[in-house]
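Q: the sequence and its predicted three-dimensional model are supplied below.
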Amino acid sequence: MTSRAALQKLYRRLYKAYGPQDWWPAETPFEVMVGAVLTQNTAWTNVEKAINNLKQADALNIHSISGLSELKLAGLIKPSGYFNVKAKRLKNFTNWFVQQGRFKGLNKLTDLDLRNGLLGVNGIGPETADDILLYAFERPVFVIDAYTRRLLERMKLIDGKESYESLRQLFESNLQADIKLFQEYHALIVRHAKIKCSGVNDCKHCLVEAPI
DNA sequence: ACCCAGGGTCATA
DNA sequence: TATGACCATGGG
């Protein structure tokens, strides 16, 4: 089976198993972007606590984050871990976002220019950029995260040494460039990853009986 | 008392 | 370019 066929089949199986996800846990595009930074190498449950702190302080908006000192911002996002680093990153990002004319200005950019702009912000790497592109700006880029790598490895579709960029190309070149499809596919991978069969994350049933 | 989680940067070889 | 140290919390 070609990897193209395998990727398409995988999507159908996941969709059949879990249905539409209509997903990113946030109420606004700005919240998506903040969450994307806060979830770097961090469990989402911790990100939720940080987001709630920001909401309760009425600080989940560009103006507040720009106005807060790094120290105060770090205090609010403490539960998400790496709070000093992430406070800097959030401020780097919001500064850039405002300088570029917010959504009004950034929406004019091509997918590639917007992506390169995001990657130019210190603290925004490829996955964070692609989360923001796909779920906040609704641009057709495929997000590669740890779940995606692990799943493809278990399915023997990759050997694990591939670069982020090559894996992104693997998906993007074998699927329709459809925003909704990319959103659903990534969401389904995350959903599937959170299933814990037999009390373990690495489920033998998924590996052997139904290898997804 | 460990181990890990939806990364990214920086210094070093 | 590739590997390692570093950043830090909360849940299992």
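A: That came in fine, so what should we check first?
Q: quick one: buried residues of the helix or strand where residue A:64 lies?
A: For residue A:64, the host element (DSSP states H and E) is helix A:62-67. Of all the residues in helix A:62-67, those buried under the rule 16 or more other Cβ atoms under 10 Å are A:62, A:64-65. C-beta here means a position set from N, CA and C on the backbone, and glycine is covered the same way.
Q: can you name the residues of chain A sitting close to DNA strand B?
A: Residues of chain A lying near DNA strand B by Cβ under 7 Å from any atom of the strand: A:24-25, A:35-36, A:39-44, A:46, A:81-82, A:85, A:121-129, A:131, A:145-147, A:164, A:190, A:193, A:201.
Q: if we can go back for a sec, and the next helix or strand past the helix holding residue A:64?
A: By DSSP H and E, the next helix or strand past helix A:62-67 is helix A:70-76.
Q: residue A:35 against residue A:46, yeah?
A: No: counting by Cβ atoms under 8 Å, residue A:35 sits too far from residue A:46 to count as a contact (11.3 Å).
Q: the two: who's more crowded?
A: Legend: neighbour count by other Cβ atoms under 10 Å for residue A:35 and residue A:46, higher for residue A:35 (24 against 16).
Q: tell me, how many residues neighbour the closest residue to the more buried one other than its chain neighbours?
A: Among residues not flanking residue A:35 along the chain, residue A:26 sits closest, at 5.4 Å (Cβ to Cβ, 6 or more residues apart in numbering). Counted with other Cβ under 10 Å, the neighbours of residue A:26 add up to 17.
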